[in-house]
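Enquirer: take a look and give me a structure for this.
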Amino acid sequence: MGKIYNIYGTDSHSMTLSLLDAINALSLVPSGANIVLKPNLVVAGSPENGATTHAGVLSGCIEYFRENGINDIIIAEGSWVGAATMPAMKRAGYDEVCKRYNVKFTDLKHDKTRKVDSPIGPLEICSLALDAGFLVNLPVLKGHCQTKMTCALKNLKGCLPDKEKSRFHAIGLTRPIAALGSVLKPGLIIVDSICGDLNFEEGGNPVQTNRMFCGTDPVMIDAYGASLMGLDLFDVPYIQIAEKWGAGSTKFTPDDIISLNEPENAGKYPRPSGRVAHLARNVHEDSACSACYAALIRALYTESKGRGQEIYIGQGWRGKNIPEGALGIGRCCSGAKRNVKGCPPNAKSIAEMF
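Expert: As a prediction, this is how the structure comes out:
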């Protein structure tokens, strides 16, 4: 059974170095392998906003591997559908990291892809991730408006081309996320849980938890992350499906969690507020992409007069009749007489239609 190493603090660079030393990361890297660092850059925002991986996690990884003789290091990521990766990379401070250490950043939206067999059929995955000698997954532990949480397994979705990301939503996120975890297996996961937003994937309501942790089993990492957020495994079903399909194990005991220091101001881990479910009580969602659905939830969060309306969203409504008076969100719901245009529309344009 694997171990999870846990550390408290706010300095992501030094915390990352400590975690890498504790898990003896160098011993995990195959001889001659290159390193591909895969952070979370879902949108253009400061990591302090609770959505993206802190730049110090990247600089800590680069310093550790460089000091141990590994110089072939690449940072690679692709933001969610509808968002550009490079503005997100700069907003998160990764451009400075790349300049300081002379490390290349690759936008996976423009990478070559190939199909890989999985438990649900072929998946189209970016070649750079598949060919990595040693893939290091650097997710943020945070909430998600559709899957309740996102961490190690779901962060791998950034290694897909946009059309495959959209297809994941069209066929339901749960099984595709689990299937991806069964065929794309990082050698190491370092979780940034310093200030993740526990409700929204794109951030905006950061919760200071002052914690990072690492391990080699993405399923165990996600099971542990769910437990920290007060979620049961049945709340995040892709975790157990991924276990069934050989991506890892959900089982861990208190003895498997090794703390490198004692918390000073961390206290009890906060819980998600449940606000998203309340906001979405009148939303008829069918296979919506994350960017579109998140924009709707954000609009409902900021504009109360939209909360009593019947709202339709998602690819499942494409070409279908939407009831008179209801609001359709985005291009997929263009059949509604009241329709917010865009693919995806932004929260402001949605709120203006309420």
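
Enquirer: which stretches of the stretch 101-250 of the chain form helices?
Expert: 127-130, 152-155, 162-170, 174-183, 218-228, 238-244 (DSSP state H, counting those that start in this stretch).

Enquirer: in the fifth one, what's buried?
Expert: Counting neighbours by 16 or more other C-beta atoms under 10 Å, one finds that the buried residues in helix 218-228 are Pro218, Val219, Met220, Ile221, Asp222, Ala223, Tyr224, Gly225, Ala226, Leu228. To be clear about C-beta, it is placed using only N, CA and C from the backbone, and glycine gets the same treatment.

Enquirer: thinking in terms of the whole chain, how far from its middle is it?
Expert: Offset of helix 218-228 from its chain centre (C-alpha atoms, centre = their mean, to the nearest Å): 13 Å.

Enquirer: please apply the same query to stretch 346-354.
Expert: Stretch 346-354 has its C-alpha centroid displaced from the chain centroid by 25 Å (C-alpha atoms, centre = their mean).

Enquirer: I'd like the helices of the stretch 101-250 of the chain written out as CSV, with mean pLDDT and distance to Asp117 added.
Expert: Below are the helices of the stretch 101-250 of the chain laid out as CSV (pLDDT from 0 to 100; distance: least, C-beta to C-beta, whole Å):
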stretch, mean pLDDT, distance to Asp117
helix 127-130, 97, 12
helix 152-155, 96, 18
helix 162-170, 90, 14
helix 174-183, 96, 7
helix 218-228, 94, 19
helix 238-244, 97, 16
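
Enquirer: of the ones you listed, which approaches Ile194 most closely?
Expert: helix 218-228 (13.0 Å; C-beta to C-beta).

Enquirer: output the closest one as CSV, restricted to C-alpha atoms.
Expert: The C-alpha trace of helix 218-228 is given here as CSV (Å, rounded to 0.1, in the frame of the first residue of the first chain):
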residue,chain,number,x,y,z
PRO,A,218,-3.9,8.9,-8.0
VAL,A,219,-6.9,7.0,-6.7
MET,A,220,-5.6,7.0,-3.2
ILE,A,221,-4.8,10.7,-3.5
ASP,A,222,-8.3,11.5,-4.7
ALA,A,223,-9.9,9.3,-1.9
TYR,A,224,-7.8,11.2,0.6
GLY,A,225,-8.7,14.5,-0.9
ALA,A,226,-12.4,13.6,-0.8
SER,A,227,-12.1,12.7,2.8
LEU,A,228,-10.5,16.1,3.6
